[in-house]
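Peer 1: Turn this into a model:
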Amino acid sequence: MTFDREALVAKAKQQHAAIRRHKNDPRYARVIGRLIRAGLLSHTHIKPSTQPVSVDDALWVGKWEPRVLELLPAILLKKPKFFVTRGCLPGDIQAVLDGIRHNKAVDTFRGVPAYLYLRWVPRVGHRNKYPSCIKTYRFSHEDMALINDLKQRFPDETEVSIIRRALRELLSSSEA
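Peer 2: Sure thing, here's the model as predicted:
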């Protein structure tokens, strides 16, 4: 197999020029600067910025900087006010957010594997955890009476914390 070295070098130079041109775009500096200001990224040449950022700009920058695509689902999930215009999200982002919320992560998001964008979910925001999954259970009257009795015994706890505590106790007693 032969290749034309000069053609390959010319194509590489063309691609490098395109990347440099896109990285000089004000959207790039605005998005990266905002992420630096939030403490989520670091960059040697771009200064922190407080300028507003849109989801569309972040997606555009993500084509040239994959770290932005890694962060985007976590930011949209845990700090949605980070973006000035959230509006209607593209289907792939919405699918990723729904997957994270329901503990069924989508395989990839615009070329970023799930393990890369999932690692940012507990790191973004004030709480260092994954968001709670919404589950709905129908309790009988007897079950609700038991929960209310436990709530009377532990007045400082909520119904959810009582159920969590009961689950942990059940698990620890079954392991013993």
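Peer 1: can we go C-alpha only for contacts and neighbour counts from here?
Peer 2: Noted.
Peer 1: And the strands in the protein?
Peer 2: Remark: strands assigned in the chain by DSSP state E are 108-109, 112-113.
Peer 1: And these: which comes nearest Lys63?
Peer 2: strand 112-113 (10.9 Å; Cα to Cα).
Peer 1: gap between that closest one and the chain center?
Peer 2: Averaging C-alpha positions (Cα atoms, centre = their mean, to the nearest Å) puts strand 112-113 12 Å from its chain's average.
Peer 1: sorry, back to before: highest average neighbour count across the strands of the chain?
Peer 2: strand 108-109 (a mean of 16; mean count of other Cα atoms under 10 Å).
Peer 1: quick one: contacts of that one?
Peer 2: 69, 92-93, 96, 114 (Cα atoms under 8 Å, 6 or more residues apart in numbering).
Peer 1: Adding neighbour count and pLDDT, write the residues you listed out as JSON lines.
Peer 2: Formatted as JSON lines, these follow (neighbours: other Cα atoms under 10 Å; pLDDT from 0 to 100):
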{"residue": "Leu69", "neighbour count": "23", "pLDDT": "90"}
{"residue": "Asp92", "neighbour count": "13", "pLDDT": "83"}
{"residue": "Ile93", "neighbour count": "17", "pLDDT": "84"}
{"residue": "Val96", "neighbour count": "23", "pLDDT": "86"}
{"residue": "Ala114", "neighbour count": "16", "pLDDT": "82"}
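Peer 1: Please narrow the residues you listed to those residing in helices.
Peer 2: 69, 92-93, 96, 114 (DSSP state H).
Peer 1: quick revisit: and the strands of the chain: which comes nearest Tyr137?
Peer 2: Nearest to Tyr137, of these and by Cα to Cα, is strand 108-109 at 30.9 Å.
Peer 1: Phi first, then psi, for the closest residue to Pro113 other than its chain neighbours.
Peer 2: Using Cα to Cα, 6 or more residues apart in numbering and skipping residues adjacent in sequence, the residue nearest Pro113 is Asp107, 6.1 Å away. Taking degrees, to the nearest 10, you get phi -60, psi -60 for the backbone angles of Asp107.
Peer 1: Quick check: mean pLDDT of the biggest helix by length in the chain?
Peer 2: With DSSP H setting the assignment, residue counts place helix 5-23 as the longest helix in the chain. For helix 5-23, the mean pLDDT works out to 80.
Peer 1: Name the residues of that helix that are buried.
Peer 2: Within helix 5-23, the residues that count as buried by 16 or more other Cα atoms under 10 Å are His22.
Peer 1: ditto for stretch 94-112
Peer 2: 95-97, 100-101, 105-106, 109.
Peer 1: repeat for stretch 144-154
Peer 2: In stretch 144-154, counting by 16+ other Cα under 10 Å, buried: 147, 150-151.
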